[in-house]
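Asker: No letters, just coordinates:
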């Protein structure tokens, strides 16, 4: 099987596929894979769009970028679409991945079986803690960050996953990029600065939870019983008009005094 660093197919960017379409391709692939596992041979655009959570017109537009238009009255061939989208996403080749930061999150990512099933092979686990070096996580021995550059070179890694604390994420990112990594999945709660030509995808679980909290608060506000209308505040009392005790130059002039 070809490896990611040495055999790069034409990318969606070079083929003119919009980034929004690229972001939806994994959704289509997940829905199609589920259909394939159930031995469903064909699927209509409406059925597939519903399974992927998009509208059918958008789906048909997305597939037109792939050169796939389906068959009227029949729909789309499930197995062919799985292959076509997998190829477009680069999942028909082997992508060695390195995970830096083997705390709770990094260890959980290392144990995630979904990587291998999608063509992503965890090639190395790296951590700055010397007490972790040599330990085995998910069947892989953790290595110290001192050897990061050599590990990248030896495994032909072009995709790095950062699961370190925020304070060290940028330094790790700089070392990965200098070693030849051109795509980074960042789980650290910070924004990374990278040179042109390096792609970064950020995953921040706390931000996602905050967004959910916002929607929950709005729903709670909408469901709260409406309060009884209160009477508008009473108008202030009218000002009393009195006479000045002393006449002005033009005679007696009314003076407005507070009641």
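Answerer: Thanks, I have the structure now. Just so we're clear, the structure is a prediction, and the values are computed from it rather than from any experiment. Numbers count the residues shown, from 1 in each chain.

Asker: For the stretch 1-150 of the chain, which residues score under the pLDDT cut-off?
Answerer: 1-15 (pLDDT under 70).

Asker: Can you show me the strands along it?
Answerer: For the stretch 1-150 of the chain, the strands defined by DSSP state E, counting those that start in this stretch cover 42-43, 76-77, 95-100, 120-127, 136-137, 140-144.

Asker: Would you mind finding the most buried of those strands?
Answerer: strand 95-100 (a mean of 24; mean count of other C-beta atoms under 10 Å). Bear in mind the C-beta positions are built from the backbone N, C-alpha and C, glycine included.

Asker: And that strand, what does it pack against?
Answerer: Applying 3 or more C-beta pairs under 8 Å, 6 or more residues apart in numbering; DSSP states H and E, we find strand 95-100 packed against helix 104-110, strand 120-127, helix 148-155, strand 159-162, helix 166-179.

Asker: Kindly recompute the last result at 10 Å.
Answerer: When contacts are defined as 3 or more C-beta pairs under 10 Å, 6 or more residues apart in numbering; DSSP states H and E, strand 95-100 packs onto helix 104-110, helix 114-117, strand 120-127, strand 140-144, helix 148-155, strand 159-162, helix 166-179, strand 183-186.

Asker: Quick check: which of the ones you listed is nearest to residue 54?
Answerer: Closest to residue 54 of the helices and strands packed on strand 95-100 is helix 114-117 (C-beta to C-beta; 21.4 Å).

Asker: chain center to that closest one: distance?
Answerer: Computed by C-alpha atoms, centre = their mean, to the nearest Å, the separation of helix 114-117 from the middle of its chain amounts to 18 Å.

Asker: do stretch 125-144 as well
Answerer: Here stretch 125-144 is found 27 Å from its chain centre; the criterion is C-alpha atoms, centre = their mean.

Asker: same check, this time on stretch 212-221
Answerer: The answer for stretch 212-221 is 21 Å, by C-alpha atoms, centre = their mean.

Asker: circling back: for the strands of the stretch 1-150 of the chain, give me a markdown table that also has distance to residue 205.
Answerer: Putting those into a markdown table (distance: least, C-beta to C-beta, whole Å) gives the following:
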| stretch | distance to residue 205 |
| --- | --- |
| strand 42-43 | 32 |
| strand 76-77 | 34 |
| strand 95-100 | 16 |
| strand 120-127 | 20 |
| strand 136-137 | 20 |
| strand 140-144 | 23 |
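
Asker: Mind checking those strands for the one nearest to residue 168?
Answerer: strand 95-100 (9.1 Å).

Asker: and the closest one with helix 148-155, angle?
Answerer: 160 degrees (axes from the mean of the first three to the mean of the last three C-alpha atoms, to 10 degrees).

Asker: Next, the contact list for residue 91, please.
Answerer: Counting by C-beta atoms under 10 Å, 6 or more residues apart in numbering, residue 91 touches 25-26, 29, 82-83, 85, 117-120.

Asker: Looking at those, which one is closest to residue 55?
Answerer: Nearest to residue 55 among these is residue 25, at 15.9 Å by C-beta to C-beta.

Asker: Compute the number of surrounding residues for the closest one.
Answerer: Residues near residue 25, counting by other C-beta atoms under 10 Å, number 22.

Asker: Quick check: end-to-end length of stretch 149-162?
Answerer: 15 Å (C-alpha to C-alpha, to the nearest Å).

Asker: In that stretch, which residues are buried?
Answerer: Going by neighbour count (16 or more other C-beta atoms under 10 Å), the buried part of stretch 149-162 is 151-152, 155, 157-162.
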